[in-house]
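> predicted coordinates and the sequence they were generated for:
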Amino acid sequence: TLRARPAPAAPRVSLRYWAVLGTSQQSNPQQQRAGSSPPPAVPPPAVLNDVISELKRLHGDLTYRVLGTAAVASDSGQEGQVQGIPFSVEQTAYVQGDTLNAEIKMELNSIAGLPIGNRTQVGELRLRTTLHRGEFVVLGEAHFQESVTGLEGPVFYIVHWEE
């Protein structure tokens with residue numbers, strides 16, 4: 001009977017992640033060291049327009065720039081990870097229809113390759129959450145301030161479960 005009914009393959013999960021920094025329209029040249037300037041702003045991709053609109057509604061008209069992005073695909077119930085600079089992600093996701101339960105760790109470890117002092121990590125987020133297929137979720141927010149570049153503002157950690 002068991003051979004007649006083989007277990008279905010575990011569904012594949014593809015999650016895309018972003019770390020997005022919101023800075024005020026004014027730069028802070030007093031905080032920048034000689035010869036250092038903020039990295040050029042990499043605007044968020046169009047796919048994040050609705051998320052950025054909501055962030056602007058909540059936080060005001062900041063300039064948003066992508067600090068890091070990553071994508072991880074894994075089978076349901078299996079760990080997947082990508083290690084890189086400036087962004088690393090680990091995920092274990094369990095699919096049940098159009099609902100996903102996930103354990104996620106996101107780590108931002110540099111700003112556009114610029115030194116971040118003696119720190120090896122800019123920020124880290126660890127959590128368990130539930131997502132629905134096609135949904136974008138801001139998983140967390142933390143304040144960032146870097147004296148080398150003068151960049152300062154909230155960093156938003158965003159995830160999307162691709163359809």
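Here it is on my side, so go on. Computed from a predicted structure; not experimentally measured.

> phi first, then psi, for D50.
Per-residue torsions, D50: phi -70, psi -40 (degrees, to the nearest 10).

> wait, doesn't it sit right on F136?
Yes. Counting by C-beta atoms under 8 Å, D50 touches F136, with 7.0 Å between them. (Glycine included, C-beta is placed from N, CA and C.)

> just want to know which of these two has more residues nearby.
F136 (16 against 10; other C-beta atoms under 10 Å).

> with adjacent residues omitted, what lies nearest to E135?
W161 (5.9 Å; C-beta to C-beta, 6 or more residues apart in numbering).

> do you know how far the one you found is from F136?
When distance is defined by C-beta to C-beta, to the nearest Å, W161 is 9 Å away from F136.

> and for E107, the neighbour number?
Residues within reach of E107, counting by other C-beta under 10 Å, total 22.

> other SSEs contacting the strand or helix carrying it?
Using DSSP states H and E, the element containing E107 is strand 99-108. When contacts are defined as 3 or more C-beta pairs under 8 Å, 6 or more residues apart in numbering; DSSP states H and E, strand 99-108 sits against strand 12-23, strand 87-96, strand 123-132, strand 152-161.
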